[in-house]
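S.K.: what would the 3D arrangement of this be:
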Amino acid sequence: MPSLETVALANTQRWDIELQILRMMHDLAESPEREHQLDRLAERPIRKALEFAVVRERPSPMDEDAAYAVANAFAISDDFLAWSEKRGQYTEAEIEKMRAAYEHVLAADRIGVAAVGWGMLADSVIMLRWADPETADDLVDYLDLVLNRRMEHVTLAREAPYNKVLMAAKVATRVSSFTGTFPDRLADSSFPWLRSLYHGYSWWPTLLMAMLMDRDFFGAATDFLARHPEDVRRERHRNWLMATVAEMRMRHPDGIPTSPRRTMPVGMEEFMDMSTGKWR
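M.R.: Okay, here's the model as predicted:
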């Protein structure tokens with residue numbers, strides 16, 4: 001692992017290549033109309049990209065003292081405040097309690113959930129507003145599939161049956177697309193806390209690994225998608241397009257001049273006569 005970690009962290013050009021592969025996977029898997037194209041991608045680069053994602057996101061295991069030292073350093077940094085945008089939302093006393101709770105989560109990513117304590121982490125995710133008391137235990141179960149699982153995830157990236165990797169990638173990508181675009185719809189799932197998690201714990205490659213580790217989690221995600229078959233990417237584009245059209249109508253109430261020639265967003269023909277520039 002040392003050589004792999006060195007490459008992942010130091011070789012920016014190589015990481016850019018792997019990131020492009022991950023983006024391609026995401027773009028294909030996110031759309032129900034295009035997800036079948038994911039099956040045509042070569043196996044080796046996909047496995048390497050997922051392996052790099054694991055090494056990039058999951059820290060190396062540590063002993064307890066070192067883990068809490070690192071956790072404390074991050075939790076008292078400005079990164080913690082910026083990450084959750086807490087200032088203005090909570091009192092300083094509440095922020096201090098949340099910072100202490102986050103230390104336990106960060107430590108668990110280096111020594112494991114069991115070492116920190118299931119009850120401690122349940123209290124921590126409640127304090128962080130990631131889950132309510134009714135769902136905190138379910139969230140900790142999920143975190144146990146993610147935190148301090150670097151080597152297990154690397155092994156899955158390398159050795160899990162390829163058809164299962166692709167299947168989990170499609171489900172993980174589509175579930176993760178709800179977290180940023182339509183998070184309220186996750187209320188209709190067994191993982192409503194997913195919309196509140198720090199990105200590093202809910203990024204689609206991380207979800208993919210958790211689904212490969214736990215058949216029940218994969219099944220719950222599949223059930224959720226069966227109830228929500230909508231194409232999130234298409235809905236997201238349409239929402240953006242409607243907002244763009246509203247803004248353009250305010251600036252150009254009589255339509256968009258056809259000269260000089262302009263490049264229009266995909267789908268604009270629904271709202272405009274493209275030959276005259278007049279609004280429909």
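S.K.: so where is the stretch 51-200 of the chain shaky, pLDDT-wise?
M.R.: Flagging of the stretch 51-200 of the chain using pLDDT under 70 yields the residue ranges 78-88.
S.K.: which residues in it form strands?
M.R.: Ranges of strands in the stretch 51-200 of the chain, per DSSP state E, counting those that start in this stretch: none exist.
S.K.: how is this structure partitioned into domains?
M.R.: Following automatic domain parsing, the chain resolves into domains at 2-58+149-182+198-227, 67-144, 232-270.
S.K.: now the helix or strand that contains M24: buried residues?
M.R.: Per DSSP states H and E: M24 is located in helix 12-30. Using 16 or more other Cβ atoms under 10 Å as the test for burial, helix 12-30 gives 15, 18, 21-22, 24-26, 28-30. Every C-beta, even on glycine, is put in place using the N, C-alpha and C of the backbone.
S.K.: my read is that W130 contacts W193, right?
M.R.: Yes: with contact defined as Cβ atoms under 8 Å, W130 and W193 form a contacting pair (5.5 Å).
S.K.: please report how far G219 lies from A29.
M.R.: 18 Å (Cβ to Cβ, to the nearest Å).
S.K.: quick one, what contacts A221?
M.R.: A221 makes contact with 171-172, 175, 189, 191, 207, 211 under the criterion Cβ atoms under 8 Å, 6 or more residues apart in numbering.
S.K.: can you check V146 too?
M.R.: With Cβ under 8 Å, 6+ apart, V146 has these contacts: 58, 109, 201, 206, 209-210.
S.K.: swap in 7 Å and give it another go.
M.R.: Contacts for V146 (Cβ atoms under 7 Å, 6 or more residues apart in numbering) come out as 201, 206, 210.
S.K.: excluding its backbone neighbours, what's nearest the last one?
M.R.: Here the nearest residue to A210 in space, its sequence neighbours aside, is L145; by Cβ to Cβ, 6 or more residues apart in numbering that works out to 4.1 Å.
S.K.: center of this structure, which residue is that?
M.R.: Geometric centre of the chain, nearest residue: W203, 2.4 Å, by Cα atoms, centre = their mean.
S.K.: ramachandran angles for that one?
M.R.: phi -60, psi 150 (degrees, to the nearest 10).
S.K.: and it, how far from E92?
M.R.: Counting by Cβ to Cβ, the gap from W203 to E92 is 30 Å.
S.K.: check which helices and strands the helix holding M24 sits against.
M.R.: Under the contact definition 3 or more Cβ pairs under 7 Å, 6 or more residues apart in numbering; DSSP states H and E, helix 12-30 sits against helix 43-57, helix 162-181.
S.K.: no further questions, thank you.
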